[in-house]
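Visitor: any chance you can model this:
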Amino acid sequence: ARGTAWREGFLRGLRYVFAMQYPNGGFPQIYPLVGGYHDAITFNDDAMVQALELMRDIGDGKPEFAFVPADLRAQCGPRVARGVACILAAQLRDGKGTRTAWCQQHDALTLKPCAARNFEPTATCTNESASLVRFLMTLPSPSTDVRAAIEGAIIWFKKVALHDVAWTRA
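Guide: The predicted structure is shown next:
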């Protein structure tokens, strides 16, 4: 009986994840939408990467998700593809058009970088970018665009890397 309740709870949660995904493939920080920075596409804290990884694993038919009905499993692949398209479209480019990295949040409509809380200004973020690159590197048979996104970010990482720096607090 508990197994049935757990499975039903999981499926409700999966439908919730489906409902929160924007048509462009992004995910807000909070759902239902409440306005402000919460509605931005959120790469922060690996929110989007984890949602996409979950759907990828379900769509791939991993054994631990065998209980997910075929109709829900079938929705996962296209949703992951939309998420990947969103990631690629949101990737920042330098003045020459070269792909670089991502910010913590991007506007849900324009995909432009946006700020969140006072201590989260609009800024390119290495942590979120590294997570997105790691995710993109797990995609089987990556497209030319996916490869270009990965390569552009890696070049950017090398360009902005800090060496021989120690962070200390007084």
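Visitor: over to N24: give its phi and psi.
Guide: According to degrees, to the nearest 10, the main-chain angles of N24 amount to phi -80, psi 0.
Visitor: what residue lies at the spatial centre of the chain?
Guide: Residue closest to the average C-alpha location in the chain (CA atoms, centre = their mean): M48, at 3.0 Å.
Visitor: now stretch 143-153: buried residues?
Guide: Using 16 or more other CB atoms under 10 Å as the test for burial, stretch 143-153 gives V146, A149, I150, G152, A153. (C-beta placed from N, C-alpha, C; glycine too.)
Visitor: quick one: mark the members of those residues that sit in strands.
Guide: Of these, none are assigned to strands by DSSP state E.
Visitor: among the residues you listed, which ones are in helices?
Guide: V146, A149, I150, G152, A153 (DSSP state H).
Visitor: so what's the last one up against?
Guide: The contact partners of A153, by CB atoms under 8 Å, 6 or more residues apart in numbering, come to Q91, R99, T100, A101, S129, L132, V133.
Visitor: where's the fifth one relative to Y37, distance?
Guide: If I follow you right, that is S129. Distance, S129 to Y37, using CB to CB, to the nearest Å: 19 Å.
Visitor: who's more crowded, those two?
Guide: Ranked by neighbour count (other CB atoms under 10 Å), S129 and Y37 place S129 first, with 23 against 19.
Visitor: the more buried one in helix, strand or coil?
Guide: Following DSSP: H, G, I helix; E, B strand; the rest coil, the label given to S129 is helix.
Visitor: just give the nearest non-adjacent residue to it, would you?
Guide: A101 (3.8 Å; CB to CB, 6 or more residues apart in numbering).
Visitor: isn't the one you found up against R93?
Guide: No: using CB atoms under 8 Å, A101 is not in contact with R93, being 9.9 Å away.
Visitor: the more surrounded of the two?
Guide: More neighbours surround A101 than the other of A101 and R93, with 23 against 11 (other CB under 10 Å).
Visitor: so who does that one touch?
Guide: Contacts of A101 by CB under 8 Å, 6+ apart are Q91, L92, T124, C125, T126, S129, A153, W156, F157.
Visitor: can you get me a residue count around the closest residue to C125 other than its chain neighbours?
Guide: Of all residues not flanking C125 in the chain, Q104 sits nearest, at 5.1 Å (CB to CB, 6+ apart). By the criterion of other CB under 10 Å, Q104 has 27 neighbours.
Visitor: next up, the contacts around Q104.
Guide: T42, F43, N44, A116, E120, A123, C125, E128.
Visitor: how far away is it from P142?
Guide: 24 Å.
Visitor: can you give me the buried ones in the lengthiest helix in the chain?
Guide: Counting residues, the longest helix found in the chain (DSSP H) is helix 70-90. Within helix 70-90, the residues that qualify as buried are 72-73, 75-76, 79-88, 90, counting by 16+ other CB under 10 Å.
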